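Peer 1: Sequence below, structure please.
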Amino acid sequence: QTTIPPFLKILRYKTAQILTFNAMSESRSIHIDYQIVSQLADLSQDDQSLLNQAIEASKLAYAPYSDFHVGCALRLANGEIINGSNQENAAYTVCQCAERGALGYASAKYPDVAVLEVAVYAQGTAVTKPVATPCGVCRQALLEYADRFDQTMRIIAQCNDSSIYLFNSIRDLLPLGFSK
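Peer 2: Predicted structure coming up:
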């Protein structure tokens, strides 16, 4: 059996103390409002169009490792639609999510234009959940972009032709995100 050096024992103790909760703390909860619609026809024409573009973008994803094909479509304040798809790589950390790919392109081409709405669609055998929303990193990137332009940024999400989830704001998906 290995012995733990004294300095590691102290580190463990201090970490445990930092993570101890105060009995006097206040309990709080976060409530998220969202809608679920059962089919594309239940959406407005604009939302149908945006989601259809995300569906088409998902067909361009390169996902040989996960079989999790994601497409994204951003509606900008100037009316432009920007698409993106995830691009995987054997060196996993260089993978590009659909949302951040589209956001990077939108920012480069239209640097002073806000993103109003985001549609995300995921398909593939690895997609087993009822909905696929942006990952945590993408949520943070979208949140910061929304904050930059003082926008709420609506989110539309669907996977494998399941029900469609509508969120009024990116903050619904990341209520305690980092900000300035």
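Peer 1: Do a quick rundown of the strands in this protein.
Peer 2: Listed in chain order, the strands of the chain (DSSP state E) span 34-37, 69-76, 81-85, 115-123, 154-159, 164-167.
Peer 1: Out of those strands, flag the one nearest A106.
Peer 2: strand 81-85 (4.4 Å; CB to CB). For every residue, glycine as well, the C-beta is placed using N, CA and C.
Peer 1: pLDDT averaged over that closest one - what is it?
Peer 2: If you average the pLDDT over strand 81-85, you get 98.
Peer 1: same for it, what does it pack against?
Peer 2: helix 45-58, strand 69-76, helix 98-109 (3 or more CB pairs under 8 Å, 6 or more residues apart in numbering; DSSP states H and E).
Peer 1: What helices and strands are in contact with the shortest one?
Peer 2: Read that as strand 69-76. Partner elements for strand 69-76 (3+ CB pairs under 8 Å, 6+ apart): helix 45-58, strand 81-85, helix 98-109, strand 115-123.
Peer 1: deepest of the ones you listed, which one?
Peer 2: The highest average neighbour count among the helices and strands packed on strand 69-76, using mean count of other CB atoms under 10 Å, belongs to strand 115-123 at a mean of 25.
Peer 1: okay, now the nearest residue to A57 once chain neighbours are set aside: neighbour count?
Peer 2: In this structure, A57 finds its nearest non-sequential neighbour in G71, 3.1 Å apart by CB to CB, 6 or more residues apart in numbering. G71 has 27 neighbours, counted by other CB atoms under 10 Å.
Peer 1: so how far is S179 from G71?
Peer 2: With distances taken as CB to CB, to the nearest Å, G71 is found 28 Å from S179.
Peer 1: returning to what we had before: and the residue nearest to A57, what's its pLDDT?
Peer 2: In this prediction G71 is given a pLDDT of 98.
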